[in-house]
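Visitor: Build the 3D model from these lines:
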Amino acid sequence: MFEVYIHVPFCLRRCGYCDFNTYTATDLGAGASRGNYANMVIREMKSTKQWQLDHGIAEPPVSTVFFGGGTPTILAARDLVAMLDAIRKTWGIASNAEITTEANPDTVNEYYINELAAGGFTRVSFGMQSAVPHVLKTLDRTHTPANVAAGVNAANKAGLRSSVDLIYGAPGESLDDWRTSVTTAIDLGVNHISAYALTVEPTTKMGRQIAAGTLPKPNDDDEAAKYEIADDLFAAAGLEWYEVSNWARPGYESQHNLGYWRNVDWAGVGPGAHSHYNNVTEIDRPQSALLTAPASGGTTEAIAPAGGGCPAEAGLGVVPVSHGLRSWDIAHPRLWGTAINEHRIPWADSEAITAEENLEELIMLGLRLREGLDLGRINQAIAANENTSWQTIAVDPLRPMVDEGLITISGNRVIPTRRGRLLNDSVIERFFGLAGI
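Guide: Predicted coordinates for the structure are as follows:
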């Protein structure tokens, strides 16, 4: 399974709680403008594909595509379709692929949604956050619940699946406020809802307000109570949890997000986007060598690494084939664009994924899913490693967590209970201890 994530860093305004890699300027330099952004992303796709070929990575057709941000729908719909078409030309797209874009309800209408549907999109994820005006104001959101409903209705008419995102724990949000948001989201008739606890970073506007005492700090007990409210109401409406923060009717789960949690390969394109590969073939080439990729017009572009980030420069030639790799693009769009214009892969850096890191990720990700952690897969990874301090995980040592109501065991799979979801970090740490890592 292979996925592609496209990061669109532009926004109409920066929300007070947001710590994502986003910018409100329309032109950030070096070709990284709203009007030219699709062209820059397409150029990065070409260099990414060539890098994959040079490192022995032969991916299958893309199974999911996700446009995130930022606000992807701040761009013209034709630009999103152009980037999707480029993915199809570069890697191919599976016939049953899930193609999603995030959408700010203020930036789409029926015509926009119809253009996405005609261009091959299958799903829209609307940033709803709340249905309560004073909570939206605290979050610096400008849309109204009516805008969200209009977007969902347009998506339904166009034959697209819809999802909405909610945030709980905003300063000043009561339990009744949260119930209103959850029931409003359910009443939209969508088949997928995500609900995330508010995370406040100190460098954000909201973080500074909380530090100054002008806004109250989110409370862990309050957030836990709101999680339980959401879980109860979603379940009663036929939306089953399938990941700690996601609920869906059976068959409507986000395949893209499931791919992340199942640790598949994905290519991230755009400023700050991350990529992940499970097996990268070692290469033997001078560090000064350039990669090549087709340029528009049928000639060839030379592609050199950016910022020491391309593995040819970062010493990937000695990385064993059994190791994975993660990389991340340069965050600032102007510097990202400069790297592309200089025919360099716009990675800020990359690193080999060690066997221990891979095992940790398998445990962490598996314990977030309703399908559960596959003990067979974990024990296979442990047994295949030469680290003699690691220990395979048997069922009996897990009994105390079963007795504490943190997990259930079904066959060879460990599934977190609701209590285990709320105490997920603690459950993960105990698994690390059992495995000896």
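Visitor: C-alpha only now, for contacts and for neighbours.
Guide: Noted.
Visitor: Let's verify Y242: helix, strand, or coil?
Guide: Using DSSP: H, G, I helix; E, B strand; the rest coil, the structure places Y242 in strand.
Visitor: Okay, it and L335: tell me how far apart.
Guide: According to C-alpha to C-alpha, to the nearest Å, Y242 and L335 sit 38 Å apart.
Visitor: what does S389 give?
Guide: According to C-alpha to C-alpha, S389 and L335 sit 44 Å apart.
Visitor: which of these two has more neighbours?
Guide: Of the pair S389 and L335, L335 is the one with more neighbours under other C-alpha atoms under 10 Å, namely 21 against 9.
Visitor: which element is the residue lying closest to that one once chain neighbours are set aside on?
Guide: Excluding its sequence neighbours, the residue lying closest to L335 (C-alpha to C-alpha, 6 or more residues apart in numbering) is A30, at 7.5 Å. Secondary structure from DSSP states H and E places A30 outside every helix and strand.
Visitor: how many other residues sit next to A30?
Guide: Per other C-alpha under 10 Å, the neighbour tally for A30 reads 17.
Visitor: got it, and the one 4 residues further on?
Guide: Summarising burial for R34: neighbours were counted as other C-alpha under 10 Å, giving 19.
Visitor: wait, doesn't it sit right on F10?
Guide: Yes - with contact defined as C-alpha atoms under 8 Å, R34 reaches F10; the gap is 7.3 Å.
Visitor: which residues are common contacts for those two?
Guide: Counting by C-alpha atoms under 8 Å, 6 or more residues apart in numbering, the contacts common to R34 and F10 are T26.
Visitor: Mind exporting the C-alpha coordinates of stretch 354-368 to CSV?
Guide: Output in CSV follows, covering the C-alpha atoms of stretch 354-368 (Å, rounded to 0.1, in the frame of the first residue of the first chain):
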residue,chain,number,x,y,z
THR,A,354,16.2,1.8,13.6
ALA,A,355,14.8,-1.6,14.5
GLU,A,356,13.9,-0.3,18.0
GLU,A,357,12.1,2.7,16.6
ASN,A,358,10.2,0.5,14.2
LEU,A,359,9.1,-1.8,17.0
GLU,A,360,8.1,1.2,19.1
GLU,A,361,6.0,2.6,16.3
LEU,A,362,4.3,-0.8,15.7
ILE,A,363,3.3,-0.9,19.3
MET,A,364,2.2,2.7,19.6
LEU,A,365,0.2,2.7,16.4
GLY,A,366,-1.4,-0.8,17.0
LEU,A,367,-2.7,0.3,20.4
ARG,A,368,-4.6,3.2,18.9
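Visitor: Off-centre distance for it?
Guide: The chain centre lies 17 Å from the centre of stretch 354-368; the measure is C-alpha atoms, centre = their mean, to the nearest Å.
Visitor: With stretch 23-35 instead?
Guide: Distance, stretch centre to chain centre, for stretch 23-35: 23 Å (C-alpha atoms, centre = their mean).
Visitor: got it, and stretch 350-367?
Guide: With C-alpha atoms, centre = their mean, you get 16 Å for stretch 350-367.
Visitor: Return the set of residues that bridge with the closest residue in space to S162 that isn't next to it in sequence.
Guide: The shortest distance from S162 to any non-neighbouring residue, by C-alpha to C-alpha, 6+ apart, is to V124 (5.0 Å). V124 forms beta bridges with T101, S162, as assigned by DSSP bridges.
Visitor: Does V124 touch N156 like I think?
Guide: No - contact criterion C-alpha under 8 Å: V124 and N156 do not qualify, at 10.0 Å.
Visitor: neighbour-wise, which of these two wins?
Guide: Neighbour totals were compared for V124 and N156, and V124 leads with 25 against 17 (other C-alpha under 10 Å).
Visitor: That one and P250, how far apart?
Guide: According to C-alpha to C-alpha, V124 and P250 sit 18 Å apart.
Visitor: so where does G251 fall, helix or strand?
Guide: G251 belongs to no helix or strand when elements are defined using DSSP H and E.
Visitor: State the number of residues packed around it.
Guide: Counted with other C-alpha under 10 Å, residues neighbouring G251 total 9.
Visitor: For it, what are phi and psi?
Guide: Note on G251: backbone dihedrals following degrees, to the nearest 10 are phi 90, psi -10.
Visitor: Tell me how far it lies from N191.
Guide: 9 Å.
Visitor: Then A158?
Guide: Going from A158 to N191 by C-alpha to C-alpha gives 16 Å.
Visitor: What are the neighbouring residues in contact with L139?
Guide: For L139, the contact set (C-alpha under 8 Å, 6+ apart) comprises C15, G16, Y17, A170.
Visitor: Can you report phi and psi for the third one?
Guide: When read as degrees, to the nearest 10, the backbone of Y17 gives phi -90, psi -10.
Visitor: Is the nearest residue to it once chain neighbours are set aside inside a helix or a strand, and which specific one?
Guide: Nearest residue to Y17, sequence neighbours excluded (C-alpha to C-alpha, 6+ apart): M206, at 5.3 Å. Applying DSSP H and E as the criterion places M206 in helix 205-212.
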